[in-house]
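S.K.: I'll drop the sequence and a predicted model, then ask my questions.
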Amino acid sequence: MGVRVLYVSGSLGLGHVTRDLAVVGEMRRMCPGVDVEWIAGSPASEALADAGERLAPEHVDYRCETDLAERVASDGRLSLTTYVFRALSAWIHNARLIGRAAECGGFDVIVGNETYEIPVANFFGVRVLPPVPFVMMYDFWGMEATSGAILEKLGAWAINLIWSQEWRVTARDGNAAIFFGEPEDVPDERFGFMLPDRRRYAEGHVEFVGYAVPFDVDRLPDRATLRRELAYESTPLVMCTVGGTSIGRELLELCGRAYPIASERLPGLQMILVAGPRIDPGSLVVPEGVEKRGMVRELWRHMAGCDLVITQAGGTTTLELETLGVPFLYFPIEHQSEQEITVAGRLARHRAGIRMRLSSTSPESLAEAIGANLGRKVSSAPLSARGARLAARRVLTCAGLSSADEDSASAIDGERRGRGPAGRTDAP
């Protein structure tokens, strides 16, 4: 049975599209006839093209959220509240574009990974989706003010007011909302004054599917084998990576300045800076002996071979490191509330990683942290990493794939099979 899917890979950087490709891979395993067209901005669109995926013609007019975030960011900081307000007009434009693509494509289901354009447009009375099932995917829930500034607090409250009305889209008949994570990843507190409790709201109509990673950790070679395959030396290896935006330039250069100090204490230390797709490696000012790379495909394989990774608090990268059992230092982007609160909260709960702060870390203190954590034994609890599989199943269910069709197309067990859409039609 063929299923046509319009998949919008939204939000910033590369973490979301990595997860989206894992979900689509599971969908194709369950139903080989799945036909997917994508809408995404840079750098996700390049990653999709590189993976051999087909982009919808409308994607060329999709306004890139990563570009906007980089314009708002300064000195390695990004106020998520400021970013959202500056993104509103682009989101309305994108929502209309998604609606046009959905109208023309004859799709069975529309999937949006953090496609906030749709509920935001709906809140302002711009209803763009045709009568086709829509599945919204989240990995954090609600906006936080990260300073005492009254304007930021008011801005966060206004954003949360819109968020508390997203059920008007995701809880309609045939639609669904998926959360990659656990209920504990949603704060058990109100969105804001006179607004509903976040966790109870989410538990009312959002399906928690656990976490998603693009690999099966049980099938990975051991670290020594990986290092031989990837041509790394046997001496200590530290990798510094900042994901799919240019916001991490300051962190990469800080790592470079820490290298001479750390290498004095750790003879033979290898340090690799992964600049990703938005930073020119040649533009990084770092000492001799530090290797610089641009975009690295399947970065998780390289991280699995490391003795220590230094990174921002990107949800996908830190989740991969946690799953791989690699020790890591993480620097949440300051004032980026998802990283400072949601991701950092998950990592603290799971006892994974060492949290640090860019604005208060010197090359000397970073070198000391490298020495203290290099090759450290990781004891965090194992994760439920079947989120891609369960999300794929929900999408196919919303697309109308019957239990019989799923049984014939999938070797997956019957967990949650036959369960209807998780939506509800009343307000929380």
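M.R.: Sure thing, it's come through. Residues are numbered from 1 along each chain as shown.

S.K.: how close does Ser379 get to Ile110?
M.R.: 42 Å (C-beta to C-beta, to the nearest Å). Bear in mind the C-beta positions are built from the backbone N, C-alpha and C, glycine included.

S.K.: tell me which of these two has more neighbours.
M.R.: Between Ser379 and Ile110, counting by other C-beta atoms under 10 Å, Ile110 is the more crowded of the two (28 against 8).

S.K.: is that one in a helix, a strand, or coil?
M.R.: State at Ile110, reduced to three classes by DSSP: H, G, I helix; E, B strand; the rest coil: strand.

S.K.: tell me the pLDDT of it.
M.R.: Note on Ile110: pLDDT of 97.

S.K.: need the contact list for it.
M.R.: By C-beta atoms under 8 Å, 6 or more residues apart in numbering, Ile110 lies in contact with Val5, Leu6, Tyr7, Val8, Ile98, Ala102, Leu129, Val132, Pro133, Phe134, Val135.

S.K.: repeat that for Leu12.
M.R.: With contacts defined as C-beta under 8 Å, 6+ apart, the neighbours of Leu12 are Glu65, Thr66, Ala69, Gly244, Thr245.

S.K.: could you flag which of these are buried?
M.R.: Glu65, Thr66, Ala69, Gly244, Thr245 (16 or more other C-beta atoms under 10 Å).

S.K.: report the secondary structure state of the last one.
M.R.: The reference is to Thr245. Going by three-state DSSP: Thr245 is coil.

S.K.: might one say that it is in contact with Thr66?
M.R.: Yes - here Thr245 reaches Thr66: they are 5.6 Å apart, a contact under C-beta atoms under 8 Å.

S.K.: what touches both of those two?
M.R.: Leu12, Gly13, Arg278.

S.K.: and stretch 174-185, how far apart are its ends?
M.R.: Length of stretch 174-185, first residue to last, C-alpha to C-alpha, to the nearest Å: 26 Å.

S.K.: adding pLDDT, write the buried ones among the contacts of Leu12 out as a markdown table.
M.R.: Output for these, formatted as a markdown table (pLDDT from 0 to 100):
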| residue | pLDDT |
| --- | --- |
| Glu65 | 88 |
| Thr66 | 90 |
| Ala69 | 91 |
| Gly244 | 91 |
| Thr245 | 92 |
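
S.K.: among these, which one lies nearest to Leu324?
M.R.: Gly244 (19.2 Å; C-beta to C-beta).

S.K.: contacting residues for the closest one?
M.R.: Going by C-beta under 8 Å, 6+ apart, the list of residues near Gly244 reads Leu12, Gly13, Leu14, Gly15, Pro43, Ala44, Thr66, Gly276, Pro277, Arg278.

S.K.: take those and keep only those in helices.
M.R.: If you go by DSSP state H, those have Gly15, Ala44, Thr66 in helices.

S.K.: and the closest residue to the first one other than its chain neighbours, how many neighbours?
M.R.: The shortest distance from Gly15 to any residue other than its chain neighbours is 3.2 Å, reached at Thr316 (C-beta to C-beta, 6 or more residues apart in numbering). For Thr316, the count of nearby residues is 26 (other C-beta under 10 Å).

S.K.: need the pLDDT of Thr316.
M.R.: Model confidence at Thr316 (pLDDT) stands at 94.

S.K.: that one touches Thr18, doesn't it?
M.R.: Yes - if you go by C-beta under 8 Å, Thr316 and Thr18 touch, sitting 5.4 Å apart.

S.K.: sheet partners, orientation included, of the helix or strand where Thr311 lies?
M.R.: Using DSSP states H and E, the element containing Thr311 is strand 308-312. Sheet pairing for strand 308-312, assigned by DSSP bridges, gives strand 237-241 (parallel), strand 328-331 (parallel).

S.K.: run the chain-centre distance for the first one.
M.R.: The one in question is strand 237-241. 20 Å (C-alpha atoms, centre = their mean, to the nearest Å).

S.K.: now the strands for the chain?
M.R.: Per DSSP state E, the chain carries strands over the ranges 3-9, 34-40, 109-113, 134-138, 176-179, 206-208, 237-241, 270-274, 291-293, 308-312, 328-331, 354-355.
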